[in-house]
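Trainee: The following comprises the amino acid sequence and a computationally predicted model.
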Amino acid sequence: MAAETTSEDVKLAASFKDASKLGIDQKSGIPRKVKGTLTWRLELKRTNDGFWISAFFKGASKKKISIKAEFTLLCAGQEPLNKTEKKDSDCTKKSTEYEVCAMFTECETENHFEKGSDLRFEVELTIVMENSSKKSSVKPKPEAKQEPTKENDKIVGSESMMLDQLTSKLFLKASEGARIISNEIINDLLDIANRFDVPEVKTKCEQFLLEDLKKALKEKMETAEKYELDCLQAVKSADDALANSLEKLAIK
């Protein structure tokens, strides 16, 4: 049987301010944004030859993906410049970040700066994700129905169902933007966000942890590591770098 595939189209746009003032190997980035089921960001890097525009994404967990990217450099009164790039990747997990990029030379960009130093890009990406075509030939045995033997079993099962329903309602409200996240339920929300792949809720939980003054930093870092929360992990990396710098100064 042929492998099943799903396709997702994403269109991104970004204006990189003061791009002409970037030094060699300097970068300018656009914060992550959620588009469909994937999380995206754009980055511009200057080199000796011109500018590299890169599109990064994460959230794919299929067997294979094929990427087609249309990079367009825009400027009012000028013909747009287009570059097409294709890339195939074997995905392993949703936390892996993938990149597709294109090069625009100094000669190509010299007439496309806006306001003297800004560069404006549009990026259209088509992602084809392939699921595994293999299916098990062994049929699972039907689970035997177990009747509760004690009254306590009925009570515990009922309480568990009520908790699941409550958590689901909170999860739905969080996905709609309601401010109902708290330290008591944030782990439940992150568990469900990972289980059903809803990055919007994960982002809101991450923002809550960044702003929360009650939870200890150590607990926040443990949560960030467990659920792969990028912003908090970036804060930890910055704190570690600062600590190392202060330690080196103390030694001197």
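Mentor: In hand now; what should we look at?

Trainee: Every contact and neighbour count from this point should use C-alpha atoms.
Mentor: OK.

Trainee: residue boundaries of the strands in the stretch 101-250 of the chain?
Mentor: Here the stretch 101-250 of the chain has its strands, by DSSP state E, counting those that start in this stretch, at 119-130.

Trainee: Which parts of it are helices?
Mentor: 106-109, 151-175, 186-196, 199-211, 217-227, 230-251 (DSSP state H, counting those that start in this stretch).

Trainee: Mean pLDDT lowest where, among these?
Mentor: Mean pLDDT is lowest for helix 151-175 among those, at a mean of 56.

Trainee: burial count for the residue lying closest to P80 once chain neighbours are set aside?
Mentor: Closest residue to P80 apart from its sequence neighbours, by CA to CA, 6 or more residues apart in numbering: L74 at 4.9 Å. The number of residues packed near L74 is 20, by other CA atoms under 10 Å.

Trainee: what do you get for the one 3 residues further on?
Mentor: Burial of G77, expressed as a neighbour count using other CA under 10 Å, amounts to 8.

Trainee: for the one 4 residues further on, same thing?
Mentor: Using other CA under 10 Å as the criterion, L81 is surrounded by 15 other residues.

Trainee: I'd assumed E70 was in contact with it.
Mentor: No - contact between L81 and E70 fails when scored by CA atoms under 8 Å: they sit 10.2 Å apart.

Trainee: which residues sit against the helix or strand where E85 lies?
Mentor: Following DSSP states H and E, one finds E85 within strand 81-89. Strand 81-89 has contacts (CA atoms under 8 Å, 6 or more residues apart in numbering) with 64-74, 100-102, 108.

Trainee: So which of the residues you listed is surrounded by the most neighbours?
Mentor: Of the contacts of strand 81-89, with other CA under 10 Å as the count, F71 tops at 26 neighbours.

Trainee: which stretch of helix or strand covers that residue?
Mentor: Using DSSP H and E, F71 falls in strand 64-74.

Trainee: got the angle between that strand and strand 119-130?
Mentor: Using axes from the mean of the first three to the mean of the last three CA atoms, to 10 degrees, the direction of strand 64-74 lies 160 degrees away from that of strand 119-130.

Trainee: so what does strand 64-74 touch, helix or strand wise?
Mentor: For strand 64-74, the elements it packs on are strand 81-89, strand 98-105, strand 119-130, judged by 3 or more CA pairs under 8 Å, 6 or more residues apart in numbering; DSSP states H and E.

Trainee: For K17, which non-adjacent residue is closest in space?
Mentor: Here the residue nearest K17, using CA to CA, 6+ apart, is D118, at 4.5 Å.

Trainee: Many thanks, we can stop here.
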